[in-house]
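K.L.:
All I have is the shape, not the residue letters:
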């Protein structure tokens, strides 16, 4: 029986993708690295340290670990500064309605995000009260596609994976949910999240009614 819902943050609850892109682009421009939206898409759902390694590989750059950490920190400084622009109006359409409905129905709800700035984003959205557990990039050492962040969230909720549904917009996020034996809902195009149990183009379509209709034997 489904008792818990675990949500990714970026691309599911809100869309900070443009802020991330601008921060990575600023760093890349400072360093004279190549960076475009196609490369940015490959960073979806993975950690900051893994992201900078993808950018390094693309540019055929080799750096020592200290330099990698320094550049990742610099990117994060650019990004954190931009988070102050987020308001309660920046939920993705349908996200706040779903969270509200889950609360009224008595489901347990957790965040399972790779972002180390998740709590800041939730506070800007005034969304913290929707979550019983906040799992973020500070909670585990292995990032997606490892299932660790979702396993952390379900453990803190006191629920086994088979009693939880994960909402994700990233290919590696769905990989992580599947690896952890969670039920999965993909948000986005089939070429990215088509391997989820259920897929919706947008959060607006992913109402509790629709989710229940797909997993009806589990409710």
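P.N.:
Yep, that arrived. Keep in mind the model is a prediction, meaning the values are calculated, not measured.
K.L.:
hey, let's count contacts and neighbours off CA atoms from now on
P.N.:
Fine.
K.L.:
can you give me the strands in the protein?
P.N.:
Per DSSP state E, the chain carries strands over the ranges 4-7, 108-112, 133-135, 164-168, 183-187, 198-200.
K.L.:
and the chain, what are its domains?
P.N.:
4-15+87-218, 17-83 (automatic domain parsing).
K.L.:
The longest one: end-to-end distance?
P.N.:
Taking CA to CA, to the nearest Å, domain 4-15+87-218 runs 12 Å from one end to the other.
K.L.:
How far off centre is that domain?
P.N.:
The chain centroid and the centroid of domain 4-15+87-218 are separated by 7 Å under CA atoms, centre = their mean, to the nearest Å.
K.L.:
Could you export the domains of the chain as TSV, including mean pLDDT?
P.N.:
Listed next are the domains of the chain as TSV, based on pLDDT from 0 to 100:
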stretch	mean pLDDT
domain 4-15+87-218	96
domain 17-83	91
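K.L.:
Let me know which of those is tucked in deepest.
P.N.:
Of those, the one with the most neighbours on average (mean count of other CA atoms under 10 Å) is domain 4-15+87-218, at a mean of 20.
K.L.:
Next, the contact list for the closest residue to residue 163 other than its chain neighbours, please.
P.N.:
Nearest residue to residue 163 in three dimensions, chain neighbours excluded: residue 2, at 4.4 Å (CA to CA, 6 or more residues apart in numbering). Residues near residue 2 by CA atoms under 8 Å, 6 or more residues apart in numbering: 162-165, 218-219.
K.L.:
separation between residue 2 and residue 13?
P.N.:
Residue 2 is 20 Å from residue 13, by CA to CA.
K.L.:
Residue 74 too?
P.N.:
25 Å.
K.L.:
Tell me which residue of the chain is furthest from the middle?
P.N.:
residue 32 (28.5 Å; CA atoms, centre = their mean).
K.L.:
do you know how far that residue is from residue 26?
P.N.:
Counting by CA to CA - residue 32 and residue 26 are separated by 10 Å.
K.L.:
show me the residues around residue 214 that make contact.
P.N.:
Residue 214 makes contact with residue 198, according to CA under 8 Å, 6+ apart.
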